[in-house]
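[1] give me coordinates for this.
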Amino acid sequence: GYVIAGYSSSNDGDVSGNHGGDDAWVVKLDSVGNLQWQKSLGGNNNDAATAIQQLADGGYIVGCYAISENNGDVFMSHGAAEFWVVKLSATGSIEWSLCLGGQSYEYAHDIHQTADGGFIVGGNTFSVDGNVTGNHGNMDYWVVKIDTIQQLEWQKTLGGTGTDLLASLVQTNDGGYIVAGSSASINGDVTDHIGGNDFWIIKLNSSGLIQWHKILGGSGNEVPYYIQQTSDGGYFVCGYTESNDYDITGNHGGFFDGWVVKLSSQGDIQWQKALGGSGWD
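    Below you'll find the model as predicted:
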């Protein structure tokens, strides 16, 4: 079947159990799309799920952000908005949940179980306190490793004084992590800024230390959505571009093209492709 995670402000139709405002909403469908179960997760403010993965025990790990503070399903909240990690059983019951963040804003965007049975969570942070250390200013990437007993193992802030937005991350074959997002910074961890927002790809080791990072883009704005390791040890990253210079060729005009980039194992461009037409793609 299929599992879907997002958010809902409804409390009728297919939706039940809403706690107020937007709730994270998880839906399990069978193989032909029939609703098997659904679960509203949250509190009295706006909460949303952004990523979900089925686990070996048949349950699910859900990456969320929670604006609710210490009510409903949300406990031990630190501030305005936080990473909220929820473990569901195979039938959608909450088995455990964990809030991570500081007194400002954190938004989780991606989550995966790691080879050691823990979890890696990626998103963004504005905070400089609580669980967050090392913020470079404004919004940083925030990568969090959780161990098998739901404890924070390590955390890493990545960025500069501009806006840096993490979109996607995945564990790599060597036990480290590849992280993709966009950066408008020109300092801190960011070097070789090209223009506007660039793709910013970072390879971390298993402890969260930077092994290498690459800026990709042109004079306009480039924003990635997804990264995946490929069978040859390289990486595939896709998003959009409004440029037609520097790393980008073949833009079809208009606003944005889809942009697909194949990288080597060290982050060098092997090929790139702009996809679209004269409108916004």
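
[2] would you mark the buried spots in the host helix or strand of residue 239?
    For residue 239, the host element (DSSP states H and E) is strand 235-241. Buried residues in strand 235-241, counted by 16 or more other C-beta atoms under 10 Å: 235, 237-241. Using the backbone N, CA and C atoms, a C-beta is placed for each residue, glycine as well.

[3] check stretch 66-76 too.
    Neighbour counts using 16+ other C-beta under 10 Å place 66-69, 72-74 of stretch 66-76 among the buried residues.

[4] how about stretch 80-96?
    In terms of neighbour count (16+ other C-beta under 10 Å), stretch 80-96 has its buried residues at 80-88, 92.

[5] name the secondary structure element that contains the spatially most central residue of the chain.
    Nearest to the geometric centre of the chain sits residue 109, at 2.5 Å (C-alpha atoms, centre = their mean). Here residue 109 sits within strand 106-113, counting by DSSP H and E.

[6] what helices or strands is that strand leaning on?
    When contacts are defined as 3 or more C-beta pairs under 8 Å, 6 or more residues apart in numbering; DSSP states H and E, strand 106-113 packs onto strand 47-54, strand 60-66, strand 82-88, strand 119-125, strand 164-171.

[7] pipe those into TSV and attach distance to residue 231 and mean pLDDT per row.
    Shown next, in TSV, are the helices and strands packed on strand 106-113 (distance: least, C-beta to C-beta, whole Å; pLDDT from 0 to 100):
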stretch	distance to residue 231	mean pLDDT
strand 47-54	21	98
strand 60-66	25	97
strand 82-88	30	97
strand 119-125	21	98
strand 164-171	14	98
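
[8] between those strands, which gets nearest to residue 156?
    Residue 156 lies closest to strand 119-125 among these, at 9.8 Å (C-beta to C-beta).

[9] the strands in the stretch 101-250 of the chain, which residues?
    In the stretch 101-250 of the chain, the strands defined using DSSP state E, counting those that start in this stretch lie at 106-113, 119-125, 140-146, 152-158, 164-171, 177-183, 198-204, 210-216, 222-229, 235-241.

[10] tabulate those strands (CSV), appending distance to residue 28.
    Formatted as CSV, these follow (distance: least, C-beta to C-beta, whole Å):
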stretch, distance to residue 28
strand 106-113, 18
strand 119-125, 20
strand 140-146, 24
strand 152-158, 29
strand 164-171, 23
strand 177-183, 28
strand 198-204, 32
strand 210-216, 37
strand 222-229, 23
strand 235-241, 28
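
[11] tell me which of those sits nearest to residue 278.
    Nearest of those (C-beta to C-beta): strand 235-241, 14.7 Å.

[12] ok, so what distance separates the nearest residue to residue 228 once chain neighbours are set aside from residue 250?
    The shortest distance from residue 228 to any residue other than its chain neighbours is 5.0 Å, reached at residue 236 (C-beta to C-beta, 6 or more residues apart in numbering). Computed with C-beta to C-beta, to the nearest Å, the distance linking residue 236 and residue 250 is 17 Å.

[13] over to residue 100?
    41 Å.

[14] the two: which is more packed in?
    For residue 100 versus residue 250, neighbours defined as other C-beta atoms under 10 Å are more numerous around residue 100 (24 against 13).

[15] hang on, that one packs against residue 152?
    Yes. Taking C-beta atoms under 8 Å as the definition, residue 100 is a contact partner of residue 152 at 6.5 Å.

[16] joint contacts of these two?
    Counting by C-beta atoms under 8 Å, 6 or more residues apart in numbering, the shared contacts of residue 100 and residue 152 are 131, 144.

[17] picking that back up, lowest-confidence one in the buried residues of stretch 66-76?
    Lowest pLDDT among the buried residues of stretch 66-76: residue 69, with 89.

[18] excluding chain neighbours, what is closest to it?
    Leaving aside its chain neighbours, residue 69 sits nearest to residue 77 (4.4 Å; criterion: C-beta to C-beta, 6+ apart).

[19] got phi/psi on the one you found?
    Residue 77 adopts backbone torsions of phi -70, psi 140, taken as degrees, to the nearest 10.

[20] neighbours around it, how many?
    21.

[21] same question, residue 232
    10.

[22] re earlier: of all the strands of the stretch 101-250 of the chain, which one is nearest residue 269?
    For those, the distance to residue 269 is smallest for strand 210-216, at 6.8 Å, taking C-beta to C-beta.
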